[in-house]
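Colleague: Test case, fold it:
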Amino acid sequence: MGRVEKVARARRVLAIISTAAAVLMVPGVASAADWSQFHGPVERTGVTTETVLTKASVPGLHIVWSRATGVTAEGINSSPAIVGGVAYIGSDDGKVWAFDATTGAVKWSFTTGGQVRSAPAVVGTSVFVGSADGNMYALDAATGASKWTKYLGGNITAAPLVVNGIVYIGSRGGRFYALDSLTGAQLWSYNTWAVWASAAYSGGTVYVGSDQSALFAFDAVTGVLKWKSPTSGRERSAPSVSGGRVFTGSDSGRVYAFNALTGVQIWSAAAADPSTGPIVRSSPTIAGSKVVVTTGETTPMDGHVVAFDVATGTKLWTTKLADYSTSSAAFANGVLYLGSFDTRLYAISAQTGVTLWTSGWGTLPRGLNSSPAIANGKVYVGVRDGGLYAFGL
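Modeller: Model prediction:
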């Protein structure tokens, strides 16, 4: 190889290295250690590859920073996304916020026309999020500048699902949509009735539940309905997909497992005594061979964390919380992280249901509706006082 060829090759190598380094530093570009969409992967299993937080290190968790959004009656009901060293979350103050994930410093905020209870999805260099004003927004992840806005109508509380250049989002106005992620143009929609929670994706199929007390499966590209399976209550739980099965909870307090290809029900199980008026609005977490949900119960006002066998639906363990919970658990290294209206963040053993750690009474001033996100050795969660909190070691 001559000198000219060697110089050219060296320049190409340097260019590749520089490009890779630049990508790693761009906000919005996800790494394996990030949490870019609601409940982790697009299958919505709640599972992360986090390696820092373990059963042994969990007792050392404490608040490393917290930052307030605008003062409102119910604070933050959105769930965070953590990508490229930035934490993104919505607030009832009508804004989408971006904070430095290490220090909590505000990077930017963007004002919508209503409460933002939708959890942001951060894919590529864009942040996708819905608002109570009926609009879907695509924002620049680095600056918060608007890329496009699409009016869908109704209150959008669901977290968008972004896969292969398509944004899937349901509205409480009664329809489920597929939008082009670059332009916001509608690709297809379907009358599902009100959609409260996120969709899940696996193998070319999108799954979503609705107020029609049913779970729907659509072809991700064409929107053709593959199947529709009934449940015994409104579906306000985001489904999770694993091992050829779709798991979901319902407002009847039951958890369901369906065949992902056919929609045939495999099993159904009660998460709590029906006399307590239970609901399951958390997205099921797939913790190895277990399906884990949280419950809200109204008589008395109570909550539990419940684990079922993935294959049979047999109840394996139940852990009592001091109050209602709709928080979807994040799972890492044998530990489940979740919030409760009792004002505490919990770390619970997935194997036994034993509580390994809580944030403690009085540490957080209000209850938690937000679902935790785990990234780079920290647990991030929104609180109904309007603050985003980062717990670390």
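
Colleague: what does the average pLDDT come to for the longest strand along the chain?
Modeller: Counting residues, the longest strand found in the chain (DSSP state E) is strand 301-309. Computed over strand 301-309, the mean pLDDT rounds to 96.

Colleague: any idea how far that strand is from the chain center?
Modeller: Taking Cα atoms, centre = their mean, to the nearest Å, one finds the center of strand 301-309 at 19 Å from the center of the full chain.

Colleague: burial of residue 113, as a residue count?
Modeller: If you count neighbours by other Cβ atoms under 10 Å, residue 113 ends up with 12. From N, CA and C alone the C-beta is placed, and that goes for glycine too.

Colleague: Check for me that it belongs to a strand.
Modeller: No - Residue 113 is assigned coil when assessed by DSSP: H, G, I helix; E, B strand; the rest coil, not a strand.

Colleague: quick one on the thing from earlier: helices and strands around the very next helix or strand once past the longest strand of the chain, which ones?
Modeller: Remark: after strand 301-309, the chain's next helix or strand is strand 315-321, criterion DSSP states H and E. Judged by 3 or more Cβ pairs under 8 Å, 6 or more residues apart in numbering; DSSP states H and E, the packing partners of strand 315-321 are strand 301-309.

Colleague: first vs last residue of stretch 292-309, how far apart are they?
Modeller: 9 Å (Cα to Cα, to the nearest Å).

Colleague: Give me the buried positions along that stretch.
Modeller: For stretch 292-309, the neighbour count (16 or more other Cβ atoms under 10 Å) marks 292-297, 302-308 as buried.

Colleague: ok, these vs residue 120, which is closest?
Modeller: Lowest distance from residue 120 to those (Cβ to Cβ) belongs to residue 294, with 21.8 Å.

Colleague: what about the stretch 201-350 of the chain, any weak spots by pLDDT?
Modeller: Along the stretch 201-350 of the chain, no part satisfies pLDDT under 70.

Colleague: at 90 instead, please
Modeller: 299-301 (pLDDT under 90).

Colleague: Where do the helices of the chain begin and end?
Modeller: For the chain, the helices defined by DSSP state H occupy 3-25.

Colleague: So residue 64 versus residue 141, what's the distance?
Modeller: 23 Å (Cβ to Cβ, to the nearest Å).

Colleague: okay, these two: which has more neighbours?
Modeller: When residue 64 is set against residue 141 and neighbours are counted by other Cβ under 10 Å, the residue ahead is residue 141, at 28 against 16.

Colleague: For the more buried one, give me phi and psi.
Modeller: Taking degrees, to the nearest 10, you get phi -70, psi -30 for the backbone angles of residue 141.

Colleague: Look up the pLDDT of residue 32 for me, please.
Modeller: So residue 32 comes in at 66 (pLDDT).

Colleague: that older thread, and the furthest pair within the buried residues of stretch 292-309?
Modeller: Distance extremes for the buried residues of stretch 292-309: the farthest pair is 302 and 308 at 19.0 Å, using Cβ to Cβ.

Colleague: Look up the closest residue to residue 166, ignoring the ones flanking it.
Modeller: residue 178 (5.3 Å; Cβ to Cβ, 6 or more residues apart in numbering).

Colleague: OK, contacts around the one you found?
Modeller: Contacts for residue 178 were tallied using Cβ atoms under 8 Å, 6 or more residues apart in numbering; they are 166, 167, 168, 186, 187, 188, 189, 206, 220, 223.

Colleague: Show the pLDDT at it.
Modeller: Listed pLDDT for residue 178 reads 99.

Colleague: Could you do the one 10 residues further on as well?
Modeller: Reading off the confidence values, residue 188 has pLDDT 98.

Colleague: So what pairs up with it in the strands?
Modeller: residue 178 (DSSP bridges).

Colleague: what sits against it?
Modeller: With the criterion set at Cβ under 8 Å, 6+ apart, residue 188 makes contact with 177, 178, 222, 223.

Colleague: circling back to that earlier point, most neighbours among the contacts of residue 178, which one?
Modeller: Counting by other Cβ under 10 Å, top hit in the contacts of residue 178: residue 168 with 27 neighbours.

Colleague: give me the number of residues near the nearest residue to that one once chain neighbours are set aside?
Modeller: Distances taken as Cβ to Cβ, 6+ apart place residue 161 nearest to residue 168, at 4.3 Å, with adjacent residues excluded. A count of nearby residues for residue 161, using other Cβ under 10 Å, gives 28.

Colleague: Spit out the contact partners of residue 161.
Modeller: 37, 38, 42, 121, 167, 168, 169, 198, 199, 200, 201, 206.

Colleague: make it 6 Å
Modeller: 168, 198, 199, 201 (Cβ atoms under 6 Å, 6 or more residues apart in numbering).

Colleague: same check, this time on residue 352
Modeller: No contacts exist for residue 352 under Cβ under 6 Å, 6+ apart.

Colleague: same check, this time on residue 251
Modeller: Contacts of residue 251 (Cβ under 6 Å, 6+ apart): 233, 234, 279.

Colleague: Equivalent analysis for residue 374, please.
Modeller: By Cβ under 6 Å, 6+ apart, the residues touching residue 374 are 48, 50, 330, 332.

Colleague: bridging residues for the nearest residue to residue 276 once chain neighbours are set aside?
Modeller: Of all residues beyond its chain neighbours, the one nearest residue 276 is residue 297 (4.0 Å), with distances taken as Cβ to Cβ, 6+ apart. Note on residue 297: beta-bridge partners by DSSP bridges are residue 302.

Colleague: how deep is residue 142 tucked in, by neighbour count?
Modeller: For residue 142, using other Cβ under 10 Å, the count is 17.

Colleague: actually residue 151, not the one I typed
Modeller: Around residue 151 there are 10 residues (other Cβ under 10 Å).

Colleague: same question, residue 154
Modeller: The burial count for residue 154: 17, using other Cβ under 10 Å.

Colleague: Ok, residue 130 next?
Modeller: The burial count for residue 130: 33, using other Cβ under 10 Å.

Colleague: Report the separation between it and residue 220.
Modeller: In terms of Cβ to Cβ, residue 130 sits 19 Å off from residue 220.
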